[in-house]
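1. Please find the sequence and the predicted model below.
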Amino acid sequence: MLRKFARYTILFFIPVLIGCVTVELLTRKLQMRYIPISETLKAQKDEIEIMALGSSQMKDALNPEWLSRPGINLAAGNQHHNTDFKLYQGLKDRLPSLNTIIMELSYAHLELAPNKSEFWKNNIYYEYYDVNCFERTAWAMDRLIYFSNPTYYSDALYKHFIVDSKQSNFNAFGFDKNNFNGLFSKLGYDPDKIAVSDFKIISRKNDDLFRSNSTHLTEMLNQFEKDGIRVILVTIPTYFTYLEKRNPVILKRRDSMLTEIKKKFNNVTILDLEEDSLRFGVKDYINHNHLNPDGARKFTSEINKLLHN
């Protein structure tokens, strides 16, 4: 009786195991920017001088291919300063030429909750960058990509293999040169239509998060200074519709933080492009607060000017 039960149990779980392995393998065939980034980190580890960190705004704004010095962009969607710092700490000893950090302090960055220790992208960082961001001992299952976020990857698999949605064009640095499709392109870059379109923006201040995030940012900058790292702290361009809806209180204390940083840290340069509507126009954006590759070329050019100074 027991043998029969064991046999049926094994027969039940074999298809489940095959299914799990199949979806994991298919997930790894998706176009993911982390794969070329991983390969470049390995191939150019001795030459990389610049590391960019931040959220999706930084991810879309800076293409290391256009930098005048060897660099890598590790920014990613929903990535906060605490994960930025973990990536830096996990990689700095492997990058002997690293001397510059580019990081963002966008409008409401200090009002956002930091990433949790089980942030789903930690699996990606562990598998592709070999950096443990879990704040615990990692184990084999932490290298699985699909099961880090089944809902997200099920949708990605459906779009890739069934719907055949638009294909990305990642260069060797994980920058998508085809990243033009978005709200603004759908609206034909029409300023009038864009002006009445909806978008998300943080409008409620959070005193506790601001204090804790400001403290953590200061600790990061202290460590960069101790390590002899130059820091370029940037505010990334946003379209005027986004600028108009910012909460003045959130904006004022973010700007006050930038002022205090400038006074305290000699190794930090501030590059404030958030309100730059002269160099960045409607056709430089994907949506209200993300640049497309044309905008990224202009943004990267501004970074190069600082690198040459």
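-> Nice, I can see it.
2. Poorly predicted segments of the protein, please.
-> 1-17, 19, 164-165 (pLDDT under 70).
3. quick one, helices of this structure?
-> With helices called from DSSP state H, the chain shows them at 2-27, 34-43, 56-61, 81-91, 122-124, 150-158, 183-186, 191-195, 207-226, 240-244, 248-264, 293-308.
4. Which stretch among those helices approaches Asp142 most closely?
-> helix 122-124 (5.7 Å; Cβ to Cβ). Glycine gets a C-beta too; all of them are placed from N, C-alpha and C.
5. buried set for that closest one?
-> 122-124 (16 or more other Cβ atoms under 10 Å).
6. Ok, stretch 239-259 next?
-> 239, 241-243, 246-247, 250, 253-254, 257-258.
7. Check stretch 103-115 too.
-> 103-112, 114-115.
8. Kindly indicate which of these lies nearest Asp142.
-> Closest to Asp142, out of all of the buried residues of stretch 103-115 and judged by Cβ to Cβ, is Asn115, at 15.1 Å.
9. doesn't Ala76 make contact with that closest one?
-> No: taking contacts as Cβ atoms under 8 Å, Asn115 lies outside contact range of Ala76: 10.2 Å.
10. shared neighbours of these two, anything?
-> Lys121 (Cβ atoms under 8 Å, 6 or more residues apart in numbering).
11. Am I right that Trp66 is in contact with Lys298?
-> No: judged on Cβ under 8 Å, Trp66 makes no contact with Lys298 at a distance of 10.0 Å.
12. Distance of the residue sitting nearest the centre point of the chain relative to Ser277?
-> For the chain, the residue nearest the mean C-alpha position is Ala76 (1.6 Å; Cα atoms, centre = their mean). Distance, Ala76 to Ser277, using Cβ to Cβ, to the nearest Å: 27 Å.
13. With Leu74 instead?
-> Distance from Leu74 to Ser277, by Cβ to Cβ: 29 Å.
14. try Asp208
-> Distance from Asp208 to Ser277, by Cβ to Cβ: 34 Å.
15. again, but for Pro70
-> From Pro70 to Ser277 the distance is 32 Å (Cβ to Cβ).
16. out of these two, which sits in the more crowded spot?
-> Pro70 (16 against 12; other Cβ atoms under 10 Å).
17. Ramachandran angles for the nearest residue to that one once chain neighbours are set aside?
-> Spatially, and ignoring its direct neighbours in sequence, Pro70 is nearest to Glu47 (4.4 Å; Cβ to Cβ, 6 or more residues apart in numbering). According to degrees, to the nearest 10, the main-chain angles of Glu47 amount to phi -100, psi -20.
18. surely Glu47 meets Asn99?
-> No: applying Cβ under 8 Å, one finds Glu47 not in contact with Asn99, separated by 11.7 Å.
19. could you dump the buried residues of stretch 103-115 to JSON lines with distance to Val268?
-> Putting the buried residues of stretch 103-115 into JSON lines (distance: Cβ to Cβ, whole Å) gives the following:
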{"residue": "Met103", "distance to Val268": "10"}
{"residue": "Glu104", "distance to Val268": "13"}
{"residue": "Leu105", "distance to Val268": "10"}
{"residue": "Ser106", "distance to Val268": "16"}
{"residue": "Tyr107", "distance to Val268": "19"}
{"residue": "Ala108", "distance to Val268": "20"}
{"residue": "His109", "distance to Val268": "15"}
{"residue": "Leu110", "distance to Val268": "16"}
{"residue": "Glu111", "distance to Val268": "21"}
{"residue": "Leu112", "distance to Val268": "21"}
{"residue": "Pro114", "distance to Val268": "21"}
{"residue": "Asn115", "distance to Val268": "23"}
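20. Pick the one among those closest to Val231.
-> Met103 (6.8 Å).
21. Give the bridge partners for that closest one, please.
-> Leu53, Leu233 (DSSP bridges).
22. residues touching it, list them.
-> 52-54, 58, 81, 84, 231-234.
23. Quickly note the distance from it to Asn169.
-> Taken as Cβ to Cβ, the span from Met103 to Asn169 is 26 Å.
24. now do Asp142
-> Asp142 is 30 Å from Asn169, by Cβ to Cβ.
25. Of these two, which one has the most company?
-> Taking other Cβ under 10 Å, Asp142 and Asn169 do not tie; Asp142 has more neighbours (19 against 12).
26. Quick check: closest non-adjacent residue to the more buried one.
-> Tyr126 (5.2 Å).
27. what sits against the closest residue to Leu258 other than its chain neighbours?
-> Once flanking residues are discounted, Leu258 sits nearest to Ile270: 5.7 Å by Cβ to Cβ, 6+ apart. Neighbouring residues of Ile270 by Cβ under 8 Å, 6+ apart: 233-234, 258, 261-262.
28. Spit out the contact partners of the nearest residue in space to Asp284 that is not next to it in sequence.
-> Spatial nearest neighbour of Asp284, chain neighbours left out: Gly295 (3.2 Å); criterion: Cβ to Cβ, 6+ apart. Applying Cβ under 8 Å, 6+ apart to Gly295 gives the contacts 61, 237, 280, 284-285.
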